[in-house]
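> Sequence and predicted structure are below.
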Amino acid sequence: MNHYLYKAVDVNGEEIKGILPGLDASAVRNSLTNRGLYVLYIKDSSKLLKMVEDKLITWRIKRKDIIEFASNLAIMLRAGVPLLEALEDILATTTNESMKILLTDIRKNTEMGVKFSNALDSHKTIFPDILIRLVRVGEETGRLDQSLSEVASHLQKLEDLSATVKRALIYPFFSLITTGAAVVFWLAYVLPKIMQVILGLGVKIPLLTVILYEVSKVAEKFWYIMIVIPFLIVIVIQFMKLKLYTRYYWDLVKIRLPLVRLLLHNRLLALLAEQLRLLLSAGVTIDRSFDVAADVMGNEVFKRAIMNSKRDIMAGRKISDALRAQKIFPPLFIRMVAIGESSGNLDQQFGFLANHYYKIVDDISEKVGKMIEPLLMIILGLLMGLMIAGVLLPMYDVFTKLGS
């Protein structure tokens, strides 16, 4: 399916611009003409251009804007307001200009006869895939308001989960930055001046002091490199994410790091369970549910495990057995899935698992600062102790000589 940029005029003389998917330009022209529009031009809009356009808008549209849109639309549809009128009312009260542009395009396409789910799908780099799929299910079942409400609740859980993880990592990150800055300042500025005084005393220099002196000379001369190194690490990591091979191993490292694993691994399990609960309860088939869940994981290790499980399920294996073959799923996860398969309430079991892992992430996020703080204090204390010892040892020799 290609995308085409069009410009047309309606019966009132109003100029309309937009992008529509179609097999070719003729199909798009016929579609516009059948809607009573006079087509001025149709140009091929490459997928790359479409992705760039949506990416620019995505930077200015946050997840909370999508949540607000889905929630408000669900409330209005439940109240009996027609879809086009609901979109018009939401558009009139939206303050985010980028969101206005997006909703204007969606409303115009819907008004011209495009299905609402297809209008959303034309901006799939902005709207989550699960939202588009559940809207499509809602259109087919006549429960669009319920589908939108469930999606809004799901996205809000993801937003809360993301905020919880970020909040838990702020303190360790800030502590590492300040500790590193203090060490660099001491090595590059304070220690060289003290060492000049010690060397001028003409005393025997201990090995520890010599090592510190050499380190301080390097830090004094190349202090800017020590500041640039963290940024270089970030850049290298970003480049690693560009290739599937290196991205897989980077994601594997993240879910195996002792403290990071507690947050990240449980967060991914909660996300997977919540996605599968929502999709299965909406009537989406198990294979499509696994496809959607794999795409939103944001972790190649989990994505590969989910797709391998899907392959085994399609080959005839039970879901629990397919998951058990992947080493990243804990026994509780597999056991609850097996119970859900046996009792026929798999979506409810996934709901239980989602709540369970959400609670674990919440508990860990509250404790992670208290867990990391003593470790950072010990490391900082050892570093400062070594540096102070390196300064005091030669001074002790001086005081000893003066005393004798």
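Done, it's in. Numbers count the residues shown, from 1 in each chain.
> Next, the spatially most central residue of the chain: secondary structure please.
Residue closest to the mean C-alpha point of the chain, counted by C-alpha atoms, centre = their mean, is Gly298 at 6.5 Å. Secondary structure for Gly298, judged by DSSP: H, G, I helix; E, B strand; the rest coil, is coil.
> And Arg256, by the same measure?
Secondary structure, three-state DSSP: Arg256 is coil.
> from memory Tyr213 sits against Gln196, does it?
No: contact between Tyr213 and Gln196 fails when scored by C-beta atoms under 8 Å: they sit 9.7 Å apart. Any C-beta I mention is one placed from the backbone N, CA and C, and that applies to glycine too.
> Compare those two and say which is more crowded by neighbours.
Tyr213 (19 against 10; other C-beta atoms under 10 Å).
> check contacts around that one.
Neighbouring residues of Tyr213 by C-beta atoms under 8 Å, 6 or more residues apart in numbering: 191, 195, 205, 390.
> Could you export the helix or strand where it lies as CSV, CA atoms only?
Assessed by DSSP states H and E, Tyr213 sits inside helix 207-221. In CSV, the C-alpha atoms belonging to helix 207-221 read as follows (Å, rounded to 0.1, in the frame of the first residue of the first chain):
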residue,chain,number,x,y,z
LEU,A,207,53.5,4.2,46.3
LEU,A,208,49.8,5.2,46.9
THR,A,209,50.7,8.9,46.7
VAL,A,210,52.8,8.3,43.5
ILE,A,211,49.8,6.5,41.8
LEU,A,212,47.5,9.3,42.9
TYR,A,213,49.9,11.9,41.6
GLU,A,214,50.2,10.3,38.2
VAL,A,215,46.4,10.0,38.0
SER,A,216,46.0,13.6,39.0
LYS,A,217,48.4,14.7,36.3
VAL,A,218,46.4,12.9,33.7
ALA,A,219,43.2,14.3,35.1
GLU,A,220,44.6,17.8,35.2
LYS,A,221,45.8,17.6,31.6
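> Low-confidence stretches in the stretch 251-400 of the chain?
By pLDDT under 70, the weakly predicted segments of the stretch 251-400 of the chain are 369, 397-400.
> Leu208 is in contact with Leu393, correct?
Yes: Leu393 lies in contact with Leu208 (C-beta under 8 Å); the separation is 6.5 Å.
> Compare the two (neighbour count), which wins?
A direct count of neighbours by other C-beta under 10 Å for Leu393 and Leu208 places Leu393 higher, at 18 against 15.
> Now the more buried one: closest residue in space, sequence neighbours ignored.
Leaving out its chain neighbours, the residue that sits closest to Leu393 by C-beta to C-beta, 6 or more residues apart in numbering is Pro206, at 4.6 Å.
> Contact partners for that neighbour?
By C-beta under 8 Å, 6+ apart, the contact set of Pro206 is 390, 393-394.
> Leu148 now?
70-71, 73-74, 77, 134-135, 138.
> Top of those by number of neighbours, please.
Ranking the contacts of Leu148 using other C-beta under 10 Å puts Leu134 first, with 29 neighbours.
> ok, now how distant is it from Leu232?
Plainly put, Leu134 is 42 Å away from Leu232 if you go by C-beta to C-beta, to the nearest Å.
> Same question for Ile255.
Distance of Ile255 to Leu232, given as C-beta to C-beta: 24 Å.
> higher neighbour count, these two?
Using other C-beta under 10 Å, the more surrounded residue of Ile255 and Leu232 is Ile255, with 18 against 10.
> my read: the more buried one touches Met297, true?
No: counting by C-beta under 8 Å, no contact exists between Ile255 and Met297, whose distance comes to 11.1 Å.
> Among the contacts of Pro206, which one sits closest to Ile319?
Ranked by distance to Ile319 (C-beta to C-beta), the contacts of Pro206 are led by Gly390 at 60.5 Å.
> Where does the closest one fall, secondary structure wise?
Using DSSP H and E, Gly390 falls within helix 346-403.
> by how many degrees do the helix or strand containing Glu341 and helix 346-403 diverge?
With secondary structure defined by DSSP H and E, Glu341 is part of helix 331-343. Put simply, helix 331-343 runs at 180 degrees to helix 346-403, going by axes from the mean of the first three to the mean of the last three C-alpha atoms, to 10 degrees.
> How many neighbouring residues does the residue lying closest to Arg267 once chain neighbours are set aside have?
Closest residue to Arg267 apart from its sequence neighbours, by C-beta to C-beta, 6+ apart: Val361 at 5.3 Å. Residues near Val361, counting by other C-beta under 10 Å, number 24.
> show me what contacts Val361?
Residues counted as contacts of Val361 (C-beta under 8 Å, 6+ apart) are 161, 164-165, 263, 266-267, 270.
> List the ones among those residues that fall in strands.
Judged by DSSP state E, the subset of the contacts of Val361 located in strands is empty.
> Which of the residues you listed sits closest to Gln238?
When the contacts of Val361 are compared against Gln238 (criterion: C-beta to C-beta), the nearest one is Val165, at 19.3 Å.
> How far off centre is stretch 291-304?
Mean C-alpha position of stretch 291-304 versus that of the full chain (C-alpha atoms, centre = their mean, to the nearest Å) differs by 12 Å.
> do stretch 76-91 as well
Taking C-alpha atoms, centre = their mean, one finds the center of stretch 76-91 at 30 Å from the center of the full chain.
> swap in stretch 87-107?
Between the centre of stretch 87-107 and the centre of its chain there are 25 Å (C-alpha atoms, centre = their mean).
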